[in-house]
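For reference, the sequence and a predicted model appear below.
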2 protein chains.
Amino acid sequence: MSNVLAVDVGGTSSRAVILDRTGRCLAYGRGLAGNPISAGPEQAAAAISAAARAAVAAMPASSGPGSAAGTTVIALAGGRTHASTDWIATELTAIGVAGPVTVESDLLAMFCSSGSELDGYAVVAGTGAGAVRVERGGVVGTADGLGWLLGDDGSGFWIGQRVVREALLALDHRAPPTALADLLLVELGIPYTTEMANDGRRASLVDAVGMLYRMRPVQLAQFAPLAFAAAATGDAAAARILRDAERAIVHTLAAVMTKAVRGPIVLGGGVLARMPELPRRIEAAFATAEDVVDLRRVDDGAVGAAVLALRAASVAVSPATFVRIVETLAPLRDAETA
Amino acid sequence: MSNVLAVDVGGTSSRAVILDRTGRCLAYGRGLAGNPISAGPEQAAAAISAAARAAVAAMPASSGPGSAAGTTVIALAGGRTHASTDWIATELTAIGVAGPVTVESDLLAMFCSSGSELDGYAVVAGTGAGAVRVERGGVVGTADGLGWLLGDDGSGFWIGQRVVREALLALDHRAPPTALADLLLVELGIPYTTEMANDGRRASLVDAVGMLYRMRPVQLAQFAPLAFAAAATGDAAAARILRDAERAIVHTLAAVMTKAVRGPIVLGGGVLARMPELPRRIEAAFATAEDVVDLRRVDDGAVGAAVLALRAASVAVSPATFVRIVETLAPLRDAETA
C-alpha cells in the first residue's frame, strides 16, 4: 500500500508531508508561498514542487525504492475551483510522485488540522482572509478569500494597506498625527524632516510614495505589524484599523454560519493569531444559551492536508489516526526548522 | 521670438498645444494617457512625445522653418517633484522642439485653465484625485494625488474598486443584494446563474473574480460609471459609495484651504463632473458671511498648460491674452476631434 503526499500552500510558505496509510508521517519539506489567485499559477506550481521535492529528499532510506507517494492532495486557496491539475501533475511525476492529484481548499485543510471532526467552521486571516463551513468532511459554504484587490477583508494586506494609507493621510495633513506615520518612515528608512518638496508637499511623503510604488502591491501586507505595534502604544488610528479588521473577520464567519451545523470553529493565520479580542468577539456573536462555541486555533494546514490525503486514498481518519499524524509530524517539523 | 509648447498629460489622454507669444494657438495634438506615478515614466514619455509630435505635424506651413517651439511646459501628476527632465528632453529634440523644459503640476494647469488669476484652488477627480492651493501663480499646497494604491480618494479608481467590492460582497452573501452586482456581471459578460461552483460559491462570483484578476488593477476605474448608473435607480450601496467619494473630495480640498487665500475654486476631472451635489457641498463647507465661493469648472488642463508655457517664456498672461488662448484653441480642438 503506497504512501500519500499532502501539500499545504500558504501565503507565506508551503509545506509538504509524506505519510503512510496508518497516519505515520515519514518526511517533511518546505517551499515558498504560492497563492494562485493573486500570484498566478506558475508561482503556486513552483512553491508546491519545491516543498514536495524537499519532502521526497527527506524520505528515510529504509522506505525502499518505488514511488514516494501514490495519492496527492494539495491544499490551496480557491480549492476545488481548480478543476484541472495538469499544471502540477508533470512537476510531481518528475520527482517520483505518481497517482491521482486532488486540490482542496486551504481553509478545509486548516479545519482538518484541528481534529478528526467532519462538521464545523474555519476562519483564517493571514496574508489573505476567508471562512468556510464544513459538512461531512467537505466545504459546502465559502465566504471571502477573494484576494488582495477584491476582498480578503481583515487580512494582512487589508491591514497593511490601511496602515500605509493612514500614515500618508497624516503626512499629507489630511488626518491628525499617528504613530503609524513615524513607524512607516522608520520601516522604509526615510528620515523624517519638516522640509518641503516642491508643490508644498512634505519631502518625506514624496519619498515614501516613490518607494511604495516601486514595491509589488501585495507587499503592503508587510506593514500590517505596524498596526499591532502602534495600537499597543494607544494609537487611535491603529486601534481603529484593527477593530475594523476584527469586525470584518467576524462578518465573514457569520456569512457561512448556520444553526443546523455545529462543530468546532477553527481559527488560523498569522494575523488572526495576533488579535487577542477576536475569540471573545466570536463567542459574543455566535454562542447561544444551549451551545457554547468550541474555538480552536491552528498554526497552518499541514496536518489537515495530511488528513485530506489519507481520505483521498480511502483511509478513514479516526481520532487515533489524527493523533498519530500530529505526533509524528511534530518532530519532523522541529528537525526541519532546527 | 519663438513659439512655446504646452503638454497637458491626463489620466485618459494627453494634449499638446503650440502657441505664439501673443497667446495665439497655432497647432494642437493628442496622445494617450500617461501618469508617471502609477504607470511609470516610460508611458508618460511616450504619451507626451506622441501628443507633441501630433501638434508639430499640425503646424501650418506658413509658420516657416526652424524650431517648432523654444520653451516647453509639461503639466503632469507629481509636477515639480520631477526634478530632472532628461527623460523627455531627447524625445522633444527629436521632433524639432528645442529650449528649456519645465514640468508643472497637472492640477496647476487645471487651475490656470479657468482664468488669468494668480491665487486660488483647484480640486480634481478623474482617474486620480487631488487638490492644490495656488499663490502668486505657483502651487504652495497639495493634498492627495497619491495614486490608486495609496490615495486618490474619491477618484475613478477609488469608486470603481468600491463598486466591484460591493458587487462581490453581495454575490458572496456578505451584503444585501445591490444593482451593482447585476451591472458588474453584465459589464463582464458573465451570465447570472444560481449555479454553485465547488466549495459552495456561486459560479458567477468565481468567474468574475477570475476575470478581474486578469486585468491590471488600475483598470478597475472602468467600473466607476456603474455607481452613477445604479445610484440613479436608487441603489443604496451605489449612493453610499458616491456620497463617500464626495466627502473624500471635500476633505481633500479642505486640507489646502486657508482663509488668507481667496480666488476661484476650480473643479476638474470626469468623475467630479458627474457629481451634481458636489458644488453645493463645497459651498456649504467653504462659503462665509463675507465671501461667496467662486466655483468654476474646466474640462482639462490644456489651456492652463498654455498659460504656464507663456509664463515660462517670461510672457505675462493678461485677461486678454487668456481669452485669446481660449478662443484660438477651441477651433483647433474641434477640428482635431471632427
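Now that the structure is in, tell me what you want to look at.

Just the buried positions in the lengthiest helix in chain A, please.
Ordering each helix of chain A by length in residues (DSSP state H) puts helix A:236-256 first. Within helix A:236-256, the residues scored as buried using 16 or more other CB atoms under 10 Å in any protein chain shown are A:237-238, A:241-242, A:245-246, A:248-256. For the C-beta atoms, the positions are set from N, CA and C on the backbone; glycine is no exception.

ok, and which of those reach chain B?
With CB under 8 Å from any CB of the partner chain as the criterion, those include A:251, A:252, A:255, A:256 near chain B.

Which single one of the residues you listed is nearest to chain B?
Lowest distance from chain B to those (CB to the nearest CB) belongs to residue A:255, with 4.7 Å.

just to revisit the earlier point, run through the neighbouring helices and strands of the longest helix of chain A.
strand A:120-125, strand A:129-135, strand A:138-144, helix A:156-171, helix A:179-188, helix A:224-232, helix A:278-286 (3 or more CB pairs under 8 Å, 6 or more residues apart in numbering or on different chains; DSSP states H and E).

in a strand, that's where residue A:17 is, yeah?
Yes - the assignment for residue A:17 (DSSP: H, G, I helix; E, B strand; the rest coil) places it in a strand.

From residue A:5, how far out is it?
Separation of residue A:17 from residue A:5 (CB to CB, to the nearest Å): 7 Å.

Overlap of the contact sets of those two?
Residues touching both residue A:17 and residue A:5 (CB atoms under 8 Å, 6 or more residues apart in numbering or on different chains) are A:55, A:309.

Could you identify the helix or strand that succeeds the lowest-mean-pLDDT helix or strand in chain A?
None of the helices or strands of chain A scores lower by mean pLDDT, DSSP states H and E than helix A:36-39, at a mean of 56. Counting by DSSP states H and E, the next helix or strand C-terminal to helix A:36-39 is helix A:41-57.

who touches the helix or strand that comes right after that following helix?
Sequence order places strand A:71-76 as the next helix or strand after helix A:41-57, per DSSP H and E. Strand A:71-76 has contacts (CB under 8 Å, 6+ apart) with A:2, A:4-9, A:34-36, A:44, A:48, A:52, A:82, A:85, A:88, A:92, A:97, A:99-106, A:108-109, A:301, A:304-305, A:308-309, A:312-313.

cool, and stretch A:155-164?
Contacts of stretch A:155-164 (CB under 8 Å, 6+ apart): A:11, A:125-129, A:148, A:152, A:180, A:184, A:212, A:218, A:220-224, A:226-227, A:238, A:241-242, A:244-245, A:248, A:269-271, B:149-150.

Which among those residues count as buried?
The buried subset of those (16+ other CB under 10 Å) comprises A:11, A:125-129, A:148, A:152, A:180, A:184, A:212, A:218, A:220-221, A:223-224, A:226-227, A:238, A:241-242, A:245, A:248, A:269-271, B:149-150.

can you tell me how far residue A:253 sits from residue A:156?
17 Å.

Check residue A:55 too.
According to CB to CB, residue A:55 and residue A:156 sit 26 Å apart.

swap in residue A:187?
The value you get for residue A:187 to residue A:156, if CB to CB is used, is 15 Å.

which one of those two has more residues nearby?
Ranked by neighbour count (other CB atoms under 10 Å in any protein chain shown), residue A:187 and residue A:156 place residue A:156 first, with 30 against 17.

Mind pulling up the pLDDT for the more buried one?
Listed pLDDT for residue A:156 reads 95.

With residue A:197 instead?
In this model, residue A:197 is scored at 75, pLDDT.

closest to residue B:191 among the buried residues of helix A:236-256?
The closest of the buried residues of helix A:236-256 to residue B:191 turns out to be residue A:255 (CB to CB; 23.5 Å).

what sits against the closest one?
A:131, A:141, A:143, A:144, B:172, B:173, B:174.

6 Å instead, please
The contact partners of residue A:255, by CB atoms under 6 Å, 6 or more residues apart in numbering or on different chains, come to A:143, B:173, B:174.

tell me the secondary structure for the second one?
Yep, that's residue B:173 we're talking about. Three-state call for residue B:173 (three-state DSSP): coil.

Same question for residue A:104.
Under three-state DSSP, residue A:104 falls in the strand class.

State the number of residues packed around it.
Neighbours of residue A:104 using other CB under 10 Å come to 28.

before we move on, what about residue A:259?
Residue A:259 is flanked by 8 other residues according to other CB under 10 Å.

if I look at it, how far off is chain B?
Distance of residue A:259 to chain B, given as CB to the nearest CB, to the nearest Å: 16 Å.

What helix or strand is that residue located in?
Judged by DSSP H and E, residue A:259 forms part of no helix or strand.

Count the residues that sit near residue A:51.
Residue A:51 has 27 nearby residues by other CB under 10 Å.

quick one: it and residue A:31 touch, right?
Yes - contact criterion CB atoms under 6 Å: residue A:51 and residue A:31 qualify, at 3.4 Å.

Which residues are in contact with each of these two?
Taking CB under 6 Å, 6+ apart as the contact rule, residue A:51 and residue A:31 both touch residue A:14.

With respect to chain B, which of the buried residues of helix A:236-256 is nearest?
In terms of CB to the nearest CB, no member of the buried residues of helix A:236-256 lies closer to chain B than residue A:255, at 4.7 Å.
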